[in-house]
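S.K.: quick one, structure for this:
(one chain, ligands or ions: 1)
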Amino acid sequence: MTQHLTVVDHPLVQHKLTLMREQDTSTRSFRQLLREISLLLAYEVTRDLPVTTRTIETPMCEMDAPVIEGKKLALVSILRAGNGLLDGVLELIPAARIGFVGLYRDEETLQPVEYYNKLPKRMEERTAIVVDPMLATGNSSVAAIDLVKKSGAKNIIFLCLLAAPEGVARMKEAHPDVPIVTASLDEKLNEKGYIVPGLGDAGDRMFGTK
Ligand code: URA
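M.R.: Prediction:
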């Protein structure tokens, strides 16, 4: 993936995203749409994975057929909202290894603090797809990718549903080697760090906690 930011402008993705943004969309519909959209985003985020060939027998003949090269992918979810995106991606890549990173925001320093970190083994041999629906200030994404890099991963992609320009800039500064795939680059952040126009609190909307 050569571009730092890829916006998936496919009509199905954009249509589903509009439904998710609407404030009257129910938790149930929001979850269903998120699952569908994450399948489509997973398709895009894996577009440039290297392939090799394996010799197989079809009922007709032998052939050298394409397969994804290298160790199984690692999907890394940033808790808790990352899990909503993870489910759909996992449906498309069921053999992937899965990691979780938990971060909370220190109310005094406003910096992310790690409370959970469990990543698959041999990360240096895997492509890691880090998932979090909202790239807002970029603080937690940058911190999560710091941890993923510390585990040895060199090939990392960040997948989100919405991105704010501020978060994209922060990621580009901290991790210029990590491409971002998103369904939309929104307008801005508000004073509370929410994406505008956005869709509100992604975790609350997918888990029905508000
Ligand atoms: N996290 C969210 O859930 N929503 C935003 O708009 C920003 C961060």
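
S.K.: the helix or strand harbouring Gly99 pairs with which strands?
M.R.: Using DSSP states H and E, Gly99 sits in strand 97-105. Strand 97-105 has the following strand partners under DSSP bridges: strand 74-78 (parallel), strand 112-118 (antiparallel).

S.K.: out of these, which is closest to the ligand?
M.R.: When those are compared by CB to the nearest ligand atom, strand 74-78 sits nearest the ligand, at 10.6 Å. No exception for glycine: its C-beta is placed from N, CA and C like everyone else's.

S.K.: and the helix or strand following that closest one, what's buried?
M.R.: Next in sequence after strand 74-78, counting helices and strands by DSSP H and E, comes helix 82-92. Residues Gly82, Asn83, Gly84, Leu85, Leu86, Asp87, Gly88, Val89, Leu90 are the ones in helix 82-92 that count as buried (16 or more other CB atoms under 10 Å).

S.K.: what do you get for stretch 49-56?
M.R.: Buried-residue list, stretch 49-56, by 16+ other CB under 10 Å: Leu49.

S.K.: show the contacting residues for Thr6.
M.R.: Contact partners of Thr6, counting by CB atoms under 8 Å, 6 or more residues apart in numbering, are Glu44, Pro179, Ile180, Val181, Thr182.

S.K.: and if we set it to 7 Å?
M.R.: When contacts are counted by CB atoms under 7 Å, 6 or more residues apart in numbering, Thr6 touches Glu44, Pro179, Val181.
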